[in-house]
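Q: mind looking at a prediction? Sequence and model below.
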Amino acid sequence: MTRLPIRSTRRVVVPAAVAVAAVAATVLAGARPDAAAEAAPQPVAAVAHDHRAHHHGPGIVSAPGDTEPAAFDLVKTTVRRQGDRIVFTEQVRGRAGSVKPEPVGQFAGSSVLSYVWPISLNADTVGFPADSGVLAMAATSHPDFDDTPLADENRNGSKDDDGGLWHSHWVVLVPDTTRADGALKVRDILPGERPRLPRTWPGAPIYLDSPSYPTTVTGRTVRIEVPLAALGFPETFRYDGVTAALKVNADLHDPLLRVENPFDVASGDLSLPGTFWR
């Protein structure tokens, strides 16, 4: 693990929004991805602010709220086809990607900031075991470690020094049953387990894939382009948008990577109301 000399443009102000994670866990706990997509909308009382999400054609439009940093205040979330790609976008009230974690100098206890798209396709679509949790695409930044061993994102000839740059991952999310708040975590691979994993799994003991899809952060928009073929040319699926801070366990034990602070949820209730059509 290598630390980059990347400085935050702004220290993260963490809201006390653990209740959002509790809502998420309630919606997702034990649910198959397709079931989560079909779940009836849940009350939004626990969401950090009244997001009043609306659907204007293909996408989830959310009124700007009071989420801080504004770089994580979602105003529009879309997943659309563009040629032979599926394009995941999130637009925010502030400057997207302008806030990155403060480095702590080591992997254990470090922070991860993320823009996330939970989707209703089964986790086995990208190579994880079927029904193992909620599959999500994510753009992440974590200057204390690099988890894309096959990619040289900053094109400096080294593949282990650019974790601070925004890059893409597939993750499988499940509720963390070890804590009372039931917040989400990236599913752990427990000692002795040998689950089916994607070809570009980076070697960490969690359900994480590092496919190195093109990821751009421009103005107010975060964008990831995924080949249609990578998802088996799906006819349709449901999606939502989330921004969140995650924390690597200081003891490097289960849970290894857990949602520490959910900043915003596009729908307000994690009901996956967006629909992708091929």
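A: On my side now, so go ahead. Given the structure is predicted, the values throughout are model-derived calculations rather than measurements.
Q: tell me which residue lies farthest from the centre of the protein.
A: No residue in the chain sits farther from the centre than residue 157, which is 27.4 Å out by C-alpha atoms, centre = their mean.
Q: for residue 80, see how far away that one is.
A: Separation of residue 157 from residue 80 (C-beta to C-beta, to the nearest Å): 35 Å. Backbone N, C-alpha and C define where each C-beta goes, glycine included.
Q: same question for residue 263.
A: Relative to residue 80, residue 263 is positioned 23 Å away (C-beta to C-beta).
Q: show me which of the two is the more surrounded one.
A: The neighbour count for residue 263 versus residue 80, taken as other C-beta atoms under 10 Å, is higher for residue 263 (29 against 16).
Q: with only the CA atoms kept, save stretch 204-221 in CSV.
A: Presented in CSV, the C-alpha positions along stretch 204-221 are these (Å, rounded to 0.1, in the frame of the first residue of the first chain):
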residue,chain,number,x,y,z
ALA,A,204,-8.4,-7.5,-0.9
PRO,A,205,-10.5,-9.8,1.3
ILE,A,206,-13.8,-8.1,0.3
TYR,A,207,-16.3,-8.3,-2.6
LEU,A,208,-14.5,-5.6,-4.6
ASP,A,209,-13.6,-5.5,-8.3
SER,A,210,-11.3,-3.0,-10.0
PRO,A,211,-12.2,-3.0,-13.7
SER,A,212,-10.6,0.4,-14.4
TYR,A,213,-13.6,1.8,-16.4
PRO,A,214,-13.1,5.3,-17.7
THR,A,215,-14.0,7.7,-14.8
THR,A,216,-14.2,11.5,-15.2
VAL,A,217,-15.0,14.3,-12.7
THR,A,218,-15.9,17.5,-14.5
GLY,A,219,-17.6,20.5,-13.1
ARG,A,220,-20.6,19.2,-11.1
THR,A,221,-20.6,15.7,-12.7
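Q: now do it: distance to the chain's middle.
A: Relative to the chain's own centre, stretch 204-221 is displaced by 9 Å; criterion: C-alpha atoms, centre = their mean, to the nearest Å.
Q: with stretch 175-184 instead?
A: Counting by C-alpha atoms, centre = their mean, stretch 175-184 comes out at 17 Å from the chain centroid.
Q: equivalent analysis for stretch 207-227, please.
A: The answer for stretch 207-227 is 11 Å, by C-alpha atoms, centre = their mean.
Q: that one spans what distance, first to last residue?
A: End-to-end span of stretch 207-227 (C-alpha to C-alpha, to the nearest Å): 20 Å.
Q: pull out the buried residues from that stretch.
A: 207-213, 215, 217, 220-226 (16 or more other C-beta atoms under 10 Å).
Q: do the same with stretch 83-99
A: If you call a residue buried by 16+ other C-beta under 10 Å, then stretch 83-99 has these buried ones: 85-99.
Q: and the contacts of the strand or helix carrying residue 118?
A: For residue 118, the host element (DSSP states H and E) is strand 111-118. Identification of contacts with strand 111-118 by C-beta atoms under 8 Å, 6 or more residues apart in numbering yields 12, 36, 72, 77, 79, 88, 90, 96, 99-102, 104, 134-142, 144, 171, 173, 222, 239-248, 257, 260, 270, 272.
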